[in-house]
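[1] What would the 3D arrangement of this be:
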Amino acid sequence: MAKQKVAKDQIKQKRIALVTGGGDCPGLNAVIRAVVKGALNHGWEVFGIERGFEGLLHKNQVRKLDASDVRGIAHLGGTILGTTNRGNPFKFTVKKQGKEVIVDLSQQIADRFFDLGFDALVTIGGDGTLKIAQQLAVLGIPIIGVPKTIDNDLAVTEVSFGFNTAVTTATEAIDKLHATAKSHERVMVVELMGHYSGWIALYAGIAGGADVILIPEIPFDLKAVARKIQDRWRRQRRFAIVVAAEGAKPTGGEHFMTLRETGHERLGGVAEFVAKEIHRLTDRETRSLVLGHLQRGGQPTTSDRLLATRFGAAAVRAIDKGERNVMVALQSSKIITVPLEQAIEETKFVPLDSDIVCAARDLGISFGDEADE
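    Sure thing, here's the model as predicted:
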């Protein structure tokens, strides 16, 4: 018994680092809570890296987390660690002599990781953050990835946490638009997030009773959209709801882009364009609305809290098993691990023959690709 106790005492206590990257997302705090509580129950130490990977370079942005730090946070939106979508250490922007230059801080981050004696870096993020994590893995940092994106566009997991909450928020907004659209006999065009995938727009559009759903996977013809609008008026349904994913584009056209304050382009502007064109083609009073970051905020739904907790607990189990450079994923209702390199290979787009698309068409919802009869 004494020998067994000595052997156990000689086992190195693991030190786990935890980081959130990319856009914020409902459910991040539930993952953090699960990782911290799971690690503490193994007798490990957990350290939170604040404001993305760059936080490793700053002493005051690496803090030890205990049970009190994660108490009562599972229902909160956002992340207690902070995050950034401009923190790529391989292409980090700094100012030198009044000019912005791109520098590579990746080796400094790797060195700092090992200087602090960390055994694994739990990285919670979407495709962009996980691609950065894969590059850091090449530098020797053991990575355990947790899929986070409201866009639901990571191919190896059936769903990512945050998606359900974003769809719920978008559906509630569409529900409210029905009342004002009907009262004023207007066409309301609402633009939803989703990047280059149409999952949020498709789910929320169907659930919210939209008449037209425009998604990136199906280029749209404005004449087909206009015919759908006019048909509603002919049937004495004198209002219409059009849901447009931010990545939707017209047949033969390009994605709509707007300029950020940083000077970089981002997706956006499709709703305003579609609204103007609907008015031009139908002469119906039309308004546009960009739901924007409301989709990222708010308390996570029960579904997202549970999935996020399962992912966080699975990340701790993966570390305990000695796995490295993997991502936890939901497949066939079970949480598994997949190689990180495989997890970031493909983007998950809406299949054109999916039963969800077919169901929408059966209900008479237009995707803007219908031929003129």
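[2] can you pull the contacts of Pro250?
    219-222 (Cβ atoms under 8 Å, 6 or more residues apart in numbering). C-beta: built from backbone N, CA, C; applies to glycine.
[3] Try it again at 7 Å.
    Pro250 is in contact with 219-220, 222, counting by Cβ atoms under 7 Å, 6 or more residues apart in numbering.
[4] Any buried residues in the helix ranked longest in the chain, and which?
    Longest helix in the chain, counting residues (DSSP state H): helix 163-184. Within helix 163-184, the residues scored as buried using 16 or more other Cβ atoms under 10 Å are 163-171, 173-174, 177, 181.
[5] could you say what helices and strands that helix packs with?
    Counting contacts by 3 or more Cβ pairs under 7 Å, 6 or more residues apart in numbering; DSSP states H and E, helix 163-184 packs against strand 187-192, helix 199-207, strand 240-245, helix 302-320.
[6] Now the element after the last one, going C-ward?
    The one in question is helix 302-320. Proceeding N to C from helix 302-320, the next assigned helix or strand is strand 326-331, under DSSP states H and E.
[7] Paired strands for that next one, with orientation please.
    strand 143-147 (parallel), strand 334-339 (antiparallel) (DSSP bridges).
[8] For the shortest one, the averaged confidence score.
    Strand 143-147 comes out with an average pLDDT of 97.
[9] mind checking how far that strand is from the chain centre?
    Offset of strand 143-147 from its chain centre (Cα atoms, centre = their mean, to the nearest Å): 14 Å.
[10] Name the surrounding residues that touch that strand.
    So strand 143-147 is in contact with 31, 120-124, 130, 133, 136-137, 154, 157, 160, 311-312, 315, 318-319, 324-329, 340, 343, going by Cβ under 7 Å, 6+ apart.
[11] if we go to 6 Å?
    Outside strand 143-147, the residues that touch it by Cβ atoms under 6 Å, 6 or more residues apart in numbering are 31, 120-124, 130, 133, 137, 154, 157, 160, 311, 315, 318-319, 325, 327-328, 340.
[12] and the angle from that strand to helix 302-320?
    170 degrees (axes from the mean of the first three to the mean of the last three Cα atoms, to 10 degrees).
[13] How is this protein partitioned into domains?
    13-161+300-343, 164-297 (automatic domain parsing).
[14] wait, Gly52 sits on Gly87?
    Yes. At 3.5 Å, Gly52 counts as touching Gly87 under the criterion of Cβ atoms under 6 Å.
[15] what helix or strand does Ala17 sit in?
    Judged by DSSP H and E, Ala17 forms part of strand 15-20.
[16] gap between that strand and the chain center?
    Centroid displacement of strand 15-20 relative to its chain, using Cα atoms, centre = their mean, is 19 Å.
[17] by contact count, what packs against it?
    Packing partners of strand 15-20 (3 or more Cβ pairs under 6 Å, 6 or more residues apart in numbering; DSSP states H and E): helix 28-41, strand 45-49, strand 120-125.
[18] I'd like to know which of the ones you listed lies nearest to Gly252.
    Closest approach to Gly252 among the helices and strands packed on strand 15-20 (Cβ to Cβ): strand 120-125, 34.3 Å.
[19] Point out where the stretch 1-150 of the chain drops to low pLDDT.
    The model of the stretch 1-150 of the chain has pLDDT under 70 over residues 1-11.
[20] mind running it again at 90?
    Per-residue confidence for the stretch 1-150 of the chain (pLDDT under 90) gives these ranges: 1-13, 22-24, 54, 57-60, 83-88, 91-102.
[21] show me where it has helices.
    Applying DSSP state H, counting those that start in this stretch to the stretch 1-150 of the chain gives helices spanning 2-9, 28-41, 106-115, 127-138.
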